[in-house]
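Chemist: Structure for this input, please:
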Amino acid sequence: MEIVDCEDFLEVIYGEGEGWIDIPAKVGRYWVPFHAEWPADGGVSRRIDSSLRDHEDLYYSVAKFAKRGRRIEDVLPSHWLWADLDEVHPTDAAKLGFLPTIAVESSPGRYQALWRLDRTLRPSQLEKLNRALSYALDADKGGWDLTQVLRIPGTRNFKYPEAPFVRLMWYKEDLVYNAARMWDRLKAALPEGELKAAVSVVIPRRGISARAKALLRTPTENVVDGERSARLWELECLLAESGLGADEIFDLVWPCAWNKHRAVRTGRISLDREIRKAIKHVSRQRVLRETEPAQAPARPEPVEEDVDTSDLEGEEFHLPIVGYSSFMSMRMGEPKWLVRDVWTENSHGIIGGEPKTAKTTLALALGLSVASGMPFLGKYDVSGPGPVLFVQEENAPAMMQDRLRKLAWFYGLISDREAEVREARRGDLARQGSVVVNLDFPADVPLRFLNNFGFDLTDEEHRLALWEVCAEHRPRMVILDPMYLILGDVDSDKVVHVRPYLRWLLQLRYEFNCAVVLVHHMRKAPRERGARTVRAGQNLMGSAILHGWVDSALYMRDAAKDREGWKDIVVEREFRSMAPQSALEIGIRFGEPGALKMEAEVTPHDFIGMVVKRLEAEGKIALRPFAEELGMDHRQLLSRVTGDELGRVEVIPGGGRGNPTQLVLSRNGN
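Modeler: The predicted structure is shown next:
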């Protein structure tokens, strides 16, 4: 059969057998799946046409699947082998006696190939032989898996400015190979264990530093797991400093022993993204070094102002515009709760509060819940527990430990049997005469702390270090407490100063699919100014951009209660992607410092109920003084009590200073 166009090619690959295929497109960093039953109708043709029209990079799954999707457990038997050859020319396979049945040039100087077998192999046989073939050819060692996708001949490669055609070099229909003979010839190429094998890297004759060469040649047995992230980043930056482009760095780094991404399915994407960040970082540092000290900016360098690196990367910048159909087909996922009714999954936001409203305590309780999987304050379930990183600069470690111990006891993570209790002595946190608790080897929880380090988000070295910690531990949540201490000398009232670091936190969120929480202060201000109601988030200190930035938020204020030993707060909840939630009242009572005990109460916030209880105790309340006590404008208080559907509070208008407006219990209300 002669291959004339893309559809002819797919007919050669898929034949007449039934199954599901995937023809995904890549737009920017998003994959747009396209699942279709085979034999296909006109939908495949329309898919190809629309991708070419919208400048999308189009791929195809070599394998067919038993069900819709591209899951490895659904792969059907096949008579094709394939390899992503990268820079290995397809004719090099003739040295092994296996010239490809189909050869494709995916971009100038980069190739893909397929070999037709004389019989169909089940998936386990196919995977083993495919892997051996890739190793024997020194092809991409991540391109042999059964869910791999390749570019379709006849489409264009929009990764390059000139958008070259993905070119079919040849289709030799008579080249069909015996699977058993291929296995006998190729099985010796398989290492006993890919990660245990010594790595051999061909280093180009370029001005690469001795340090970079040493890292590239490091044998696997000399690699310490805890050092992988730091050494990999160092290597990428050193290669970028040598003037290598992104593809050249990728080819060198992918097989090396420091490449932590090689062991995961999405490793190629992650490594490529990391290399491009390294190139931008090196380019920015080069410009800063060439800048005279007198010309250096007085304020911290905005992290969003990246230097143009198109010359280094060998690519022109272009916007990843997405067509309507592709955007509608993208897998975005429905919004989900990380902690039900408290924080949405992978969202960024703020825990804000007026002074002394237990902001850090609630942030600590939230982090411990996510790390341990225990319900938040015993009430709100965690849907996906995982590691949490808590960076805090405001509180003494002893206080943090005491609060955390009490919360862990409340959550049931520490039992009384695990604690050694003794009387407090001079120098203990607790006062003399009370008790001190010692814990020996409590059950571990993936909650990690950086206490009083002086972490500064405006310091690029600190940002990179935090990025590497996240790369190593893959946290579900990162908490930074408080914002005013981690932003260095940034003027938080000015958008231009704050925005770059909020944008960097968004990058952190999207890179590691984690929630990012900033703990921040709110000003004491009326909830209403004139006739305009002020939302809680608008009282955040600093630029209004902070309120606009949040995806999830908790805003705290004092509940104006007077319960001995209790801290009572009102928590207003705000979510961008979930339905509005009513406010909560949270009461917390801690035991003595050093002891374990604590209590917590979480109830819906019943403002009118609170006013009614006060009236039951006092009979009458003057409107204006009561509003001031609650931190509200008197007009807002008036609108709240008159808006109660049950009519439990009655307003008696006053005539002046000696006769103020008063609140009383309604005769008709409950």
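Chemist: helices or strands up against the helix or strand Met556 falls within?
Modeler: Taking DSSP states H and E as the criterion, Met556 maps to strand 552-558. The contact analysis (3 or more C-beta pairs under 8 Å, 6 or more residues apart in numbering; DSSP states H and E) places strand 552-558 against strand 343-344, strand 348-353, helix 359-372, strand 567-575. Using the backbone N, CA and C atoms, a C-beta is placed for each residue, glycine as well.
Chemist: Hmm, Arg340 and Ser383 touching each other?
Modeler: Yes: contact status for Ser383 versus Arg340: in contact at 6.8 Å, counting by C-beta atoms under 8 Å.
Chemist: Compare those two (neighbour count), which wins?
Modeler: For Ser383 and Arg340, the more surrounded residue by other C-beta atoms under 10 Å is Arg340, and the numbers stand at 15 against 12.
Chemist: Quick check, pLDDT for the more buried one.
Modeler: Looking at Arg340, its pLDDT is 93.
Chemist: Any figure for the gap between it and Pro375?
Modeler: To Pro375, Arg340 is 8 Å away according to C-beta to C-beta, to the nearest Å.
Chemist: quick one: low-confidence parts of the stretch 151-300 of the chain?
Modeler: 191-206, 220-226, 263-266, 287-300 (pLDDT under 70).
Chemist: Mind jotting down where the helices sit in it?
Modeler: 179-186, 210-216, 228-241, 246-253, 267-290 (DSSP state H, counting those that start in this stretch).
Chemist: okay if I get these as TSV plus mean neighbour count?
Modeler: Putting these into TSV (neighbours: other C-beta atoms under 10 Å) gives the following:
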stretch	mean neighbour count
helix 179-186	16
helix 210-216	16
helix 228-241	21
helix 246-253	21
helix 267-290	17
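Chemist: In JSON lines, list the helices and strands packed on strand 552-558 along with distance to Cys256, mean neighbour count and mean pLDDT.
Modeler: Shown next, in JSON lines, are these (distance: least, C-beta to C-beta, whole Å; neighbours: other C-beta atoms under 10 Å; pLDDT from 0 to 100):
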{"stretch": "strand 343-344", "distance to Cys256": "38", "mean neighbour count": "24", "mean pLDDT": "94"}
{"stretch": "strand 348-353", "distance to Cys256": "34", "mean neighbour count": "25", "mean pLDDT": "94"}
{"stretch": "helix 359-372", "distance to Cys256": "33", "mean neighbour count": "25", "mean pLDDT": "96"}
{"stretch": "strand 567-575", "distance to Cys256": "44", "mean neighbour count": "20", "mean pLDDT": "92"}
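Chemist: any chance of the ones you listed in TSV, with distance to Glu616 too?
Modeler: Below are these laid out as TSV (distance: least, C-beta to C-beta, whole Å):
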stretch	distance to Glu616
strand 343-344	36
strand 348-353	29
helix 359-372	30
strand 567-575	18
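Chemist: which one of the ones you listed lies closest to Gly542?
Modeler: Among the helices and strands packed on strand 552-558, strand 348-353 comes nearest to Gly542, with 10.3 Å by C-beta to C-beta.
Chemist: can you list contacts of the closest one?
Modeler: Here strand 348-353 makes contact (C-beta atoms under 8 Å, 6 or more residues apart in numbering) with 343, 359, 362-363, 366, 483, 505-506, 509, 515-522, 536-537, 539-540, 546, 549-557, 569.
Chemist: of these, buried ones?
Modeler: 343, 359, 362-363, 366, 483, 505, 509, 515-522, 536-537, 539-540, 546, 549-557, 569 (16 or more other C-beta atoms under 10 Å).
Chemist: in the sheet, who's paired with the closest residue to Lys567 other than its chain neighbours?
Modeler: Of all residues not flanking Lys567 in the chain, Ile588 sits nearest, at 5.0 Å (C-beta to C-beta, 6 or more residues apart in numbering). Residues in a beta bridge with Ile588, per DSSP bridges, are Lys567, Ala600.
Chemist: Please give me every residue in contact with Ile588.
Modeler: Per C-beta under 8 Å, 6+ apart, neighbours of Ile588: 358, 361, 566-567, 598-601.
Chemist: got a winner among those residues for most neighbours?
Modeler: Neighbour max across the contacts of Ile588 (other C-beta under 10 Å) = Thr361, 24 neighbours.
Chemist: The nearest residue to that one once chain neighbours are set aside and Phe449, how far apart?
Modeler: Nearest non-adjacent residue to Thr361, counting by C-beta to C-beta, 6+ apart: Arg403, 5.8 Å away. Counting by C-beta to C-beta, the gap from Arg403 to Phe449 is 12 Å.
Chemist: More neighbours: those two, which one.
Modeler: Taking neighbours as other C-beta under 10 Å, Arg403 and Phe449 compare with Arg403 leading, 21 against 18.
Chemist: isn't that one right next to Leu362, touching?
Modeler: No: the criterion here is C-beta under 8 Å, and Arg403 misses it with Leu362 at 10.4 Å.
Chemist: where along the stretch 351-500 of the chain do the strands fall?
Modeler: For the stretch 351-500 of the chain, applying DSSP state E, counting those that start in this stretch gives strands covering 388-392, 419-423, 435-439, 447-451, 477-481.
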